[in-house]
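Student: starting from these lines, generate the structure:
(one chain, ligands or ions: 3)
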Amino acid sequence: MLHTILRQSTKCRSTFLTMAARPMSTQRPPTAVLLTNMGGPETLDDVHDFLLNLFTDRDIMKLPFQPAIAKWIAKRRTPSIREQYDSIGGGSPILKWTRKQGQAMEKLLDELSPETAPHKHYIAFRYVKPFTQHALEEMKADGVERAVVFTQYPQYSCSTTGSSMNELQRGIVANGMENVKWSVIDRWPTHPGFIEAMTTKVERKLAEYTPEQRKDAIILFSAHSLPMSVINRGDTYPAEVASSVDHVMKRLGNQYPYRLIWQSQVGPQPWLGPQTADVVKNYGEAGKKNLVVVPIAFTSDHIETLFELDQEYAEEAEKAGITGWKRAEALNDDPIFTKAMATIVHEHLQSGQVVSRQYYLRCPGCTFDSCGTTRNFFKSYDPQQ
Ligand SMILES: C=CC1=C(C)c2cc3[nH]c(cc4nc(cc5[nH]c(cc1n2)c(C)c5CCC(=O)O)C(CCC(=O)O)=C4C)c(C)c3C=C
Ligand SMILES: [Fe+2]
Ligand SMILES: [Fe+2]
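Tutor: Ligands and ions are numbered 1, 2, ... in the order given. I've put the predicted structure just below:
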């Protein structure tokens, strides 16, 4: 309580000083929308450091002697992962798409929410540039007083959004930015705008089949898998992915058979299945011909869509006799999706919510750092707590 009062009084003082220092005619500082994601290597030369940062992150995996082991794994994996990025044009397009999404979103937000305009997007990637520190410096230079953190993962996992939140908390403290009014959109797996955008992508792919083929079509929702150890700790990601799938299927009128399947397993430990590669092979052997695969847990193209789905699994499908293999497009800068992004932020600003109710609840068996301190940190911005 004392902590909250102290925070609020410091905040009022800082707001007053900022206002007093600002000439009357200048525009108020932007409402920041901080788009967080793990990011991807922009060039082949960034692949090694991307992997090193990922394997060093104790929110994604905990290894004995982690700094040394991470160095070793990153060095060993770099050549094969470089080849994958080479085959998709020499790097991850995630920064390009996030910028486009952010620009479209901020324009729409200014119209939807003039009372908090101007809005400005900032980008904080976890493993590559622009890092959280860069975004915070930019926000500080712009004199930001109100910031909405908007995870670009629709479904929450301690290993993705949780990790970004942990990094952000460290950055806020290190940069003395506790006085900014922070709130967080930590998940949005069933938001109607997101569901509409995804459903439209699936419908467009289904429309490419002949009516005869469509009768026989199967929808495969494919998401990045998680190690079983993470799931057994109580990570909400698989359930949230399933809820997105359920909503898309409802919107499609439940007319097609579908399965939720899991891709991108790494290393020898058990991961959640069924694995996308096995499903493609098994359905091919069972004589299925028309499979539409839908990347349900990503909002833009990644190595998972452009390499795994479009090259690796497409090849498997062809070998297995699947003649009608199709992949629903990623949301990227689709106007339905960027409108959904603006609506999500607008509704959040209107709601006065600091984080979702789910965010407060630590995973029952979680040992990840993000499951602890970050929750309490953002709780302290919530007057209802
Ligand atoms: C919803 C998205 C993701 C979850 C959940 C997730 C969990 C998770 N991932 C690993 C290990 C790796 N992931 C790697 C790459 C990678 N992961 C995601 C998304 C999720 N990961 C993306 C989008 C990417 C690629 C970025 C791009 O540019 O496309 C990698 C590196 C690639 C490789 O070495 O194969 C690893 C490793 C774990 C252990 C985990 C959960 C604990
Ligand atoms: Fe991953
Ligand atoms: Fe957790």
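Student: how about residue 262, secondary structure?
Tutor: When classified by DSSP: H, G, I helix; E, B strand; the rest coil, residue 262 comes out as strand.
Student: where's the residue lying closest to it once chain neighbours are set aside relative to residue 104, distance?
Tutor: With CB to CB, 6 or more residues apart in numbering as the criterion, residue 262 has its nearest non-adjacent residue at 3.6 Å, and that residue is residue 225. Every residue, glycine included, has its C-beta placed from N, CA and C. Between residue 225 and residue 104 the distance is 31 Å, computed by CB to CB, to the nearest Å.
Student: compare those two (neighbour count), which wins?
Tutor: Set residue 225 next to residue 104 and count neighbours by other CB atoms under 10 Å: residue 225 wins out with 24 against 19.
Student: measure the residue nearest to residue 262 to residue 269 for me?
Tutor: In this view, residue 225 and residue 269 are 11 Å apart by CB to CB.
Student: check residue 177 too.
Tutor: Between residue 177 and residue 269 the distance is 37 Å, computed by CB to CB.
Student: same check, this time on residue 183
Tutor: Note on residue 183: its distance to residue 269, by CB to CB, is 36 Å.
Student: those two: which is more packed in?
Tutor: Using other CB under 10 Å as the criterion, residue 183 and residue 269 rank with residue 183 on top: 20 against 11.
Student: ok, residue 382 touching residue 356?
Tutor: No: Residue 382 is not in contact with residue 356 according to CB atoms under 8 Å; the separation is 11.2 Å.
Student: neighbours around the residue of the stretch 151-300 of the chain found nearest ligand 3, how many?
Tutor: Nearest residue of the stretch 151-300 of the chain to ligand 3 (CB to the ion) works out as residue 158 at 3.4 Å. Counted with other CB under 10 Å, the neighbours of residue 158 add up to 27.
Student: so it is in contact with residue 235, correct?
Tutor: Yes: taking CB under 8 Å as the definition, residue 158 is a contact partner of residue 235 at 5.5 Å.
Student: list the residues that contact both of these two?
Tutor: Overlap between the contact sets of residue 158 and residue 235, as judged by CB atoms under 8 Å, 6 or more residues apart in numbering, is given by 363, 366.
Student: how many neighbours does residue 172 have?
Tutor: Residues contacting residue 172 under the criterion other CB under 10 Å number 20.
Student: which SSE is it in?
Tutor: Secondary-structure element containing residue 172, defined by DSSP states H and E: helix 161-174.
Student: how about the CA coordinates for that helix, as PDB?
Tutor: The C-alpha coordinates for helix 161-174 follow below in PDB (Å, rounded to 0.1, in the frame of the first residue of the first chain):
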ATOM      1  CA  THR A 161       5.500 -13.300 -23.600                       C
ATOM      2  CA  GLY A 162       6.700 -14.200 -20.100                       C
ATOM      3  CA  SER A 163      10.300 -13.800 -21.100                       C
ATOM      4  CA  SER A 164       9.700 -10.500 -22.800                       C
ATOM      5  CA  MET A 165       7.900  -9.200 -19.700                       C
ATOM      6  CA  ASN A 166      10.700 -10.200 -17.500                       C
ATOM      7  CA  GLU A 167      13.200  -8.400 -19.800                       C
ATOM      8  CA  LEU A 168      11.000  -5.400 -19.800                       C
ATOM      9  CA  GLN A 169      10.700  -5.200 -16.100                       C
ATOM     10  CA  ARG A 170      14.500  -5.300 -15.800                       C
ATOM     11  CA  GLY A 171      14.700  -2.500 -18.400                       C
ATOM     12  CA  ILE A 172      12.100  -0.300 -16.700                       C
ATOM     13  CA  VAL A 173      14.000  -0.500 -13.400                       C
ATOM     14  CA  ALA A 174      17.400   0.000 -15.000                       C
END
